[in-house]
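J.: What would the 3D arrangement of this be:
(one chain, ligands or ions: 2)
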Amino acid sequence: MKNIAILGSSGSIGTQALEVIRQNSGVFNVSVLSVHQNADLLIQQAKEFLPARVVVTDPDRYNDVKQGLSGLDIDVLSGEESLCEVVVQDDVDIVLTAVVGFCGLRPTLAAIEAGKIIALANKETLVVAGQLVMQRARQKGVAILPVDSEHSAIFQCLAGEEGNNIEKIALTASGGPFRGKDSAFLQGVTVKLALKHPNWSMGAKITIDSASLMNKGLEVIEARWLFDLRADQIDVIVHPQSVIHSMVQFEDGSMKAQMGVPDMKLPIQYALAYPGRLRNDFLRFDFLKYPELTFEQPDVTTFKNLALAYKALQMEGTMPCILNAANEVVVSEFLNERIGFMEMSDVIERCMNEVSYIRQPALQDFLETDEETRRLAKNIVTEFKKVYPI
Ligand code: NDP
Ligand code: MG
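T.: Ligands and ions are numbered 1, 2, ... in the order given. Prediction:
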């Protein structure tokens, strides 16, 4: 029996992880669940899975959850710090980090310090502080198992290849809902249009990141740390069918790809069950339904975010942290209709030019850089609104 802590159980990844666990109740046990505000869903999930502890990070929802679970032997905690406390308990074997954004960093580090296996969905953790996180994981002998579908694909391709060098990898990208569109079109796109992803159903933040190609930029940085590669070893290729989830090319030129229907339950299950594979009844891939698999270059001139992410990766230090914080602000501002789609990259680029940059940061530097960047990004958005009211 593997005991799982799910951080972010009300989200897209969190709820799909619970589906995987529901179908394999003899293999997995839930010891922790967490949400930010969705008290109703947390109460419902806790009544079904009976974890030892739950966290509602927004303190305003604590009383609702406490009341909803009264009479059950479940500890109810609140506040972000509680995430760091619950992951280190003895009855946790694997921590699935399925919260969205920078808030995943500290609990992930706490779990690593306590020697827990990490099933990593929260890519922002590696984007912000990949070097620090991987270094601590190596020192502690902790496995970081990718949940992101592209990285899970690479990880699966690498099984049995210990000692064989990677020449390069290709991360596949669907291209999102605006593939092939020009800047004139993108100026006017609405939130509703941007939230319509052609192949995947995901949380709002990552769906906007996919539409703006920032998601692929974050994934390039994530891959750099997970697989210890240089930026020039990581290619991005647009593959609109999302059937090949990514590929590895070895030193002899041989390429391995992992394929399947686009369904996050598979990479989630692979990480939780690793190194084994579990039988399931998920939808199977049918070649005849996909007579054509196509590939294109990404358009990094229109979708500047991917180029900005490569730049941040090359600079290392706190630059990816600046990129990430600015992106979290602009995505939230876009979702609230306070900024246009194309302005997102402009704000990120300005933050990368203006926020103080630290070449060899410690944890505290990341926390301060994140705050400084958020302040600046919000100010820039306010300036924009004065000039171009929308
Ligand atoms: P969702 O927005 O669907 O869910 C986010 C989860 O995090 C919810 O449980 C939410 O709680 C919680 N949360 C939000 N804000 C905070 C906060 N400040 N503190 C603590 N918890 C918080 O996101 P996804 O499931 O789509 O994505 C989760 C992570 O996985 C992201 O890093 C994403 O990039 C990554 N990922 C997602 C994929 C997908 O298919 N969805 C694919 C690959 C990676 P509440 O509901 O109460 O707000
Ligand atoms: Mg992905």
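
J.: so which residue of this structure comes closest to ligand 2?
T.: Evaluated by Cβ to the ion, the chain has Asp148 as its residue closest to ligand 2, separated by 4.2 Å. Where you see a C-beta, it was placed from the backbone N, CA and C, and this is true even at glycine.

J.: what's the distance between that residue and Thr97?
T.: Going from Asp148 to Thr97 by Cβ to Cβ, to the nearest Å gives 11 Å.

J.: what touches both of these two?
T.: Shared between the contact lists of Asp148 and Thr97 (criterion: Cβ atoms under 8 Å, 6 or more residues apart in numbering) are residues Leu120, Ala121.

J.: and the helix or strand of the chain with the lowest mean pLDDT, which residues are buried?
T.: Taking mean pLDDT, DSSP states H and E as the measure, the helix or strand of the chain with the lowest value is helix 363-387, at a mean of 92. Of the residues in helix 363-387, 365-367, 369-370, 372-374, 376-378, 380-381, 384 count as buried by neighbour count, 16 or more other Cβ atoms under 10 Å.

J.: cool, and stretch 312-323?
T.: Of the residues in stretch 312-323, those buried by neighbour count under the rule 16+ other Cβ under 10 Å are Ala312, Leu313, Glu316, Gly317, Thr318, Met319, Pro320, Cys321, Ile322, Leu323.

J.: Those also near ligand 1: which ones?
T.: Within the set of these, contact with ligand 1 (Cβ under 6 Å from any ligand atom) is found for no member.

J.: out of these, which are inside strands?
T.: With DSSP state E as the criterion, strands contain none of the buried residues of stretch 312-323.

J.: Among these, which are located in helices?
T.: Using DSSP state H, Ala312, Leu313, Met319, Pro320, Cys321, Ile322, Leu323 are the members of the buried residues of stretch 312-323 that sit in helices.

J.: and Arg22, what does it touch?
T.: By Cβ under 8 Å, 6+ apart, Arg22 lies in contact with Glu48.

J.: Tell me the pLDDT of it.
T.: Arg22 is assigned a pLDDT of 98 by the prediction.

J.: so the residue lying closest to Ser9 once chain neighbours are set aside bridges to which residues?
T.: Residue nearest to Ser9 in three dimensions, not counting chain neighbours: Leu33, with 4.2 Å by Cβ to Cβ, 6 or more residues apart in numbering. Residues found in beta-bridge contact with Leu33 (criterion: DSSP bridges) are Ile6, Val54.

J.: for Leu33, what are its contacts?
T.: For Leu33, the residues meeting the contact criterion (Cβ under 8 Å, 6+ apart) are Ile6, Ser9, Leu42, Gln45, Ala46, Phe49, Pro51, Val54, Val55.

J.: Model confidence score at it, please.
T.: We have a pLDDT of 99 for Leu33.

J.: what's the spacing between it and ligand 1?
T.: Leu33 is 9 Å from ligand 1, where distance means Cβ to the nearest ligand atom, to the nearest Å.

J.: closest point of the stretch 101-250 of the chain to ligand 1, which residue?
T.: With distances taken as Cβ to the nearest ligand atom, the stretch 101-250 of the chain approaches ligand 1 most closely at Gly203, which sits 2.6 Å away.

J.: er, the chain actually
T.: For the chain, the residue positioned closest to ligand 1 under Cβ to the nearest ligand atom is Gly11, at a distance of 2.0 Å.

J.: quick one, what contacts the nearest residue to Cys103 once chain neighbours are set aside?
T.: In space, not counting the residues next to it along the chain, Cys103 is nearest to Glu80; the distance is 6.1 Å by Cβ to Cβ, 6+ apart. For Glu80, the contacting residues are Thr57, Cys103, Arg106, by Cβ under 8 Å, 6+ apart.

J.: Weed out the non-buried ones from the residues you listed.
T.: Members of the contacts of Glu80 that pass the buried threshold by neighbour count (16+ other Cβ under 10 Å) are listed as Thr57, Cys103, Arg106.

J.: Any figure for the gap between the residue lying farthest from the centre of the chain and Ile112?
T.: Outermost residue of the chain with respect to the C-alpha centroid, by Cα atoms, centre = their mean, is Gly71; its distance is 35.3 Å. Taking Cβ to Cβ as the measure, Gly71 falls 35 Å from Ile112.

J.: again, but for Pro262
T.: Distance of Pro262 to Ile112, given as Cβ to Cβ: 30 Å.

J.: Also Asp209?
T.: For Asp209, the distance to Ile112 under the criterion Cβ to Cβ works out to 25 Å.

J.: Then Val347?
T.: Using Cβ to Cβ, we find Val347 at a distance of 32 Å from Ile112.

J.: now Asn38
T.: As defined by Cβ to Cβ, Asn38 lies at a distance of 27 Å from Ile112.

J.: who's more crowded, the two?
T.: In this view Asn38 and Ile112 are compared by other Cβ atoms under 10 Å, and Ile112 has more residues nearby, 26 against 18.

J.: if I look at the more buried one, how far off is Val243?
T.: Shown here: Ile112 relative to Val243, a distance of 33 Å by Cβ to Cβ.

J.: now swap in Gly340 and tell me
T.: 33 Å.

J.: what do you get for Val30?
T.: The value you get for Val30 to Val243, if Cβ to Cβ is used, is 32 Å.

J.: Pick out whichever of those two has more residues nearby.
T.: Taking other Cβ under 10 Å, Val30 and Val243 do not tie; Val30 has more neighbours (24 against 18).
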